[in-house]
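Novice: Have a look at this fold, sequence not included:
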């Protein structure tokens, strides 16, 4: 499209005095025949007008490929405008008419030797854009000549053509030696040729990271820096990006490059400025901090970044996202520029929030008074999101600058007095963090916070307030009453609040055991016996066990001194920050994610590092490398080593087994996942659950009747869990439902359609029987689908090859794909179909089983399964029962596997087989399942977890259909 746009723009200068709009007016029905005649006219002017009409038709989407030979004949002309138009046509239709396109090759070869450099460049550019394998071999000789052409315009065009040819046929480019020629062009006398050669080599190197094409050395760098001053802005960006990939030999070379790049900071184009900043940020790593030039460079970097903030809001946002990274790496660059980041009344919200973030990063003892005054002003604005962020920012200032903490707390108290609901809630959340940072310092404000207890309705604020009450229970006279008030609606609270409430009441009990015994019994009962949430249940059982066996240990664990929270809790992790600094001025710096997180395929996955960062003594540990090697796993929720629950789950709870090597005791993911699948805490809680009464009168042990997953012993830890040797045999074929009538004859003038859906060899098929119950012959069948939830569409026309005679039936199979337009339907699996024949158009709707959409690569890795299950919110879990099912677990597993429902793990607890399964839909949605099968019990229990929770009931229907048929 870019090529088209360029060519059309260039054509404007050759345009006639009349406007070109006349070519776009609709013409008669015989348009193609008329154009054909005009294209073969002897008059040059008429021929040119005809080609313009053809291009106009092509531009508005009409198919004019039938005119291919006639348009190609027009190539033999001296008129540059006509030649450009013909080339434009060729680029568009060569792929659909490759055999015809070869007719044009001789003209291309001839044009590459034309005395006019514009025509030579045009010919080689067009040949590069025609992505047809048959033509590429003819392109080599003309391209070789053009790469050594005397005219720089031709050479620069040919340089880009090498990259295009490499994309089509990399081996050919290497065999023909074009890459060496491209490297030679870096030494070209013309700066634009150098820039295009660098751009082409960078493009090729990105798609082949191990090719070592950009062999940068001081001589090459010198040539690039010389060309930098005379290039266009795009050329400068290519050269600067290439320089950023170079690692200087020493600080002298680094300083020399910085001195020659610094003038680019005053460029009018913001992309050039950011590319220059990227180079300087990288090479500054090599400069000693006591060097005078280092200080000078810091001062020079500030003004261009500040200037970027006077652009339009969209550019400001990009600049601010990049500045956010720069400030995290080198805050000293902008430490005197705080006022630039003060919010203007007419800034869009996305700019305001970004400025606020940078203000906190730059806050210091020197400017904190100014920042606080500004933040207090923001907290009275009308934009709710902005106000929330401003209140949080005040708390972050208190944590970051200790001298300002008192002033921040009093500012927050003033804001609480406004009684504005969302302001009060945000203030309570940040005051909790201030208490964590400065314990026993500002507890006098607790009374004020308790007055606002009733107005809290957001989970985070409620959880923060509960934490404060639990942490300072000994100072709050009615702490038990306050916590009891939250307990009344325990099951309606979010998980975050429930967990916090459980811990707070246990803390209260350990501080005031005699008064709160009943309260703690109540919360432990609610958390363990009445809750479906595994996290809450686990924590409840751990506390119960601790309290019932060793109250001293319980006190040491629950009331342990907490580490102070760090100043900046939202800093980007250092190695990621280093990589993002190397991508300043690209999308990665706006998303704050490495390119590998959002670029598909091989491009963009090179991990860049700042120079010197690998020699910092922190060599990468084997753990980190193996974690990086895990395939495209979704983010895993892994208990941290310092976390109490994580440590408990990491205990080696079981004797080693002989079925395989025991899992490493330090693997947080593996052991942490045990409770997720039941039985992870058995050794901790199991066996004799009696326990002596621990504290005073009648604090009971955990209840004897615990859920199966907690009371069953785990015989071999994860080795048993993943031992699939238990007879999971070969899968059966995929199940497809019997045909049902979709369109009755009485509603379709005698045409009856019955059908079903099947998945065969990875292809979704619509299998139909068409019956003619009318008196006349039916022909000309066609089919079309309405937009639907999964983009189902016919992969080809409806093949009814013979007329359908009266009282005749015919079997038709229509292959489907899932690349059609998507629209959520009600129900989700509803499909609206239109069928046309020579009589009329008929409409009907049918429902396809979701199992048709389960793909063949839906078997998830075991560790990924564990992490994903934990990562999907518990609210997304749905439980179903399949009744009257008399299959063994192995038979059920085989049957399901035939429909691409894959069993990942199986284990047996108390005679009950637990199957852990995964499936993946065509649109990439994963569904995870736990199926419980008890020998002799015809009722199976299926628990499904999916990020798109509405899919679950349809997946269950597929389970039921497959298992019962």
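Specialist: Cool, got the structure. The shown structure was predicted, so the numbers you read here are calculated from the model rather than taken from an experiment.
Novice: isn't residue 780 right up against residue 839?
Specialist: No: look at residue 780 against residue 839 with CB atoms under 8 Å: they stay out of range, at 9.2 Å. The C-beta positions use only the backbone N, C-alpha and C, and glycine is treated the same way.
Novice: So between these two, which is more surrounded?
Specialist: residue 839 (16 against 10; other CB atoms under 10 Å).
Novice: Which residue is the nearest non-sequential neighbour of the more buried one?
Specialist: Of all residues not flanking residue 839 in the chain, residue 749 sits nearest, at 5.4 Å (CB to CB, 6 or more residues apart in numbering).
Novice: Could I get the phi/psi values of the one you found?
Specialist: The phi/psi pair for residue 749 (degrees, to the nearest 10) reads phi 50, psi 40.
Novice: cool, residue 60 as well?
Specialist: Main-chain torsions, residue 60, degrees, to the nearest 10: phi -90, psi 10.
Novice: quick one on the thing from earlier: residues in contact with the residue nearest to residue 839?
Specialist: 774, 839, 840, 842 (CB atoms under 8 Å, 6 or more residues apart in numbering).
Novice: switch the cut-off to 10 Å
Specialist: Neighbour list for residue 749: 773, 774, 776, 778, 837, 839, 840, 842 [criterion: CB atoms under 10 Å, 6 or more residues apart in numbering].
Novice: same check, this time on residue 565
Specialist: Contact analysis of residue 565 by CB under 10 Å, 6+ apart lists 399, 432, 433, 434, 435, 436, 437.
Novice: So what's the residue count around the closest residue to residue 263 other than its chain neighbours?
Specialist: Distances taken as CB to CB, 6+ apart put residue 229 closest to residue 263, at 7.7 Å, once the chain neighbours are dropped. Neighbours of residue 229 under the rule other CB under 10 Å: 11.
Novice: for the one 10 residues further on, same thing?
Specialist: Here the number of neighbours of residue 239 (other CB under 10 Å) works out to 28.
Novice: thought it was touching residue 214?
Specialist: No: Residue 239 is not in contact with residue 214 according to CB atoms under 10 Å; the separation is 11.7 Å.
Novice: Give me the common contacts of these two.
Specialist: Common contacts of residue 239 and residue 214, defined by CB under 10 Å, 6+ apart, comprise 186, 198, 202.
Novice: Format those residues as TSV; extra columns: pLDDT and distance to residue 571.
Specialist: Output for the shared contacts of residue 239 and residue 214, formatted as TSV (pLDDT from 0 to 100; distance: CB to CB, whole Å):
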residue	pLDDT	distance to residue 571
186	85	39
198	88	34
202	86	31
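Novice: who wins for most neighbours among those residues?
Specialist: Within those, most neighbours by other CB under 10 Å means residue 198, with 27 neighbours.
Novice: ok, now which ones touch it?
Specialist: Here residue 198 is in contact with 159, 182, 185-186, 214, 220, 223-224, 227, 231, 235, 238-243 (CB under 10 Å, 6+ apart).
Novice: How about residue 470?
Specialist: 476, 479, 482-483, 500-509, 511, 558.
Novice: what's the spacing between it and residue 502?
Specialist: Distance of residue 470 to residue 502, computed by CB to CB, to the nearest Å: 10 Å.
Novice: And residue 389, by the same measure?
Specialist: 30 Å.
Novice: Tell me which of those two has more neighbours.
Specialist: Remark: of residue 389 and residue 502, residue 502 carries more neighbours, 25 against 21, as counted by other CB under 10 Å.
Novice: Distance from the chain centre to whichever helix or strand that one is part of, please.
Specialist: Under the criterion of DSSP states H and E, residue 502 resides in helix 495-511. Computed by CA atoms, centre = their mean, to the nearest Å, the chain-centroid distance of helix 495-511 equals 36 Å.
Novice: and whatever helix or strand comes next after it with helix 495-511, angle?
Specialist: The first helix or strand that comes after helix 495-511 along the chain, using DSSP H and E, is helix 517-528. Orientation of helix 517-528 against helix 495-511 (axes from the mean of the first three to the mean of the last three CA atoms, to 10 degrees) gives an angle of 150 degrees.
Novice: So residue 154 lies in a helix, does it not?
Specialist: Yes: judged by DSSP: H, G, I helix; E, B strand; the rest coil, residue 154 forms part of a helix.
Novice: Okay, it and residue 120: tell me how far apart.
Specialist: Applying CB to CB to residue 154 and residue 120 gives a distance of 5 Å.
Novice: Are there residues contacting both of the two? Which ones?
Specialist: Contact criterion CB under 10 Å, 6+ apart; residues shared by residue 154 and residue 120: 112, 145, 146.
Novice: Could I get these in a markdown table, plus columns for distance to residue 891, secondary structure and pLDDT?
Specialist: Formatted as a markdown table, these follow (distance: CB to CB, whole Å; DSSP: H, G, I helix; E, B strand; the rest coil; pLDDT from 0 to 100):
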| residue | distance to residue 891 | secondary structure | pLDDT |
| --- | --- | --- | --- |
| 112 | 69 | coil | 83 |
| 145 | 70 | helix | 86 |
| 146 | 68 | helix | 89 |
